[in-house]
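# Okay, structure incoming, though there's no sequence with it:
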């Protein structure tokens, strides 16, 4: 069985996932394996200390009580016969630009697929809420890129992080990862019983002006396509560190 595997981190009932699936299903069979609830900002977490349950809520659509990375693993290894031609993740509510990629469940689902050797694309929409118009424009981007990658493929160890601006789109850019800035990330308060609690998540205050970056592209109302690598090794640093004295005795 040949199919496209779809997942997300906003949960199985997200309008963004529905738009993604409806678009791809117009030209390829789709199997959906997605979290049963919102698992945003969970990154590349994998559930190892508890069993996972996958409920088939309709044919080829599974809700999993786990993370996006869990969903990719089940979609590839456990739930259906065959292997996916492509893994798509999204359409996420909110952009995943710059540093966001390290904690994004949407992006890390695509990372997991790429680590397994499958081409993968993560799609995110730079909007707090989905509008009919924005989803329609995002669906056009999905249609174009999925068709393209199914034919052209991707280099080994590379997956795509795609960010779509809200409002009219002024074009598409190949970009590099940018740098976002956030405000103070911890809110400290006291509950009615006198116990302290902490809320993580500072507000976005801006981004660095880096020509050719994903942040700059989306700010200019352009779709950003950033090719990311599964390997985090810095080859430049390895070269610079080659003359380090590493003869320390540990006896």
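Done, it's in. Only a predicted model underlies this, so the values are computations on that prediction, with no experimental measurement involved.

# hey, where'd the helices end up in this protein?
Taking DSSP state H as the test, the helices found in the chain are 15-24, 68-77, 105-115, 132-152, 214-219, 235-240.

# would CSV of those helices with distance to residue 83, mean pLDDT and mean neighbour count be doable?
Yep, even glycine has a C-beta here, placed from its N, CA and C like the rest. CSV is the format used below for those (distance: least, CB to CB, whole Å; pLDDT from 0 to 100; neighbours: other CB atoms under 10 Å):
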stretch, distance to residue 83, mean pLDDT, mean neighbour count
helix 15-24, 16, 97, 22
helix 68-77, 7, 96, 24
helix 105-115, 11, 97, 27
helix 132-152, 14, 97, 16
helix 214-219, 30, 95, 24
helix 235-240, 31, 93, 9
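
# And those: which comes nearest residue 93?
When those are compared by CB to CB, helix 15-24 sits nearest residue 93, at 5.7 Å.

# Quick check: which helices or strands does that closest one pack against?
Packing partners of helix 15-24 (3 or more CB pairs under 8 Å, 6 or more residues apart in numbering; DSSP states H and E): strand 3-7, strand 30-35, strand 84-93, strand 120-126, helix 132-152.

# please redo it, this time with the cut-off set to 7 Å
strand 3-7, strand 30-35, strand 84-93, helix 132-152 (3 or more CB pairs under 7 Å, 6 or more residues apart in numbering; DSSP states H and E).

# that older thread, the helices of the chain: which one's closest to residue 41?
So among the helices of the chain, helix 105-115 is nearest, using CB to CB, at 6.7 Å.

# about what we covered before: please identify which of the helices and strands packed on helix 15-24 is closest to residue 106.
Nearest of the helices and strands packed on helix 15-24 to residue 106, taken as CB to CB: strand 84-93 at 4.2 Å.

# quick one: the closest one to strand 30-35, angle?
With axes from the mean of the first three to the mean of the last three CA atoms, to 10 degrees defining the directions, strand 84-93 sits at 50 degrees from strand 30-35.

# Show me what the mean pLDDT comes to for stretch 164-177.
Averaging pLDDT along stretch 164-177 yields 96.

# ok, residue 158 - contacts?
Contacts here follow CB atoms under 7 Å, 6 or more residues apart in numbering; on that basis residue 158 touches 114, 227-229.

# Just the ones in strands from these, please.
Judged by DSSP state E, strands contain the following of those: 227-229.
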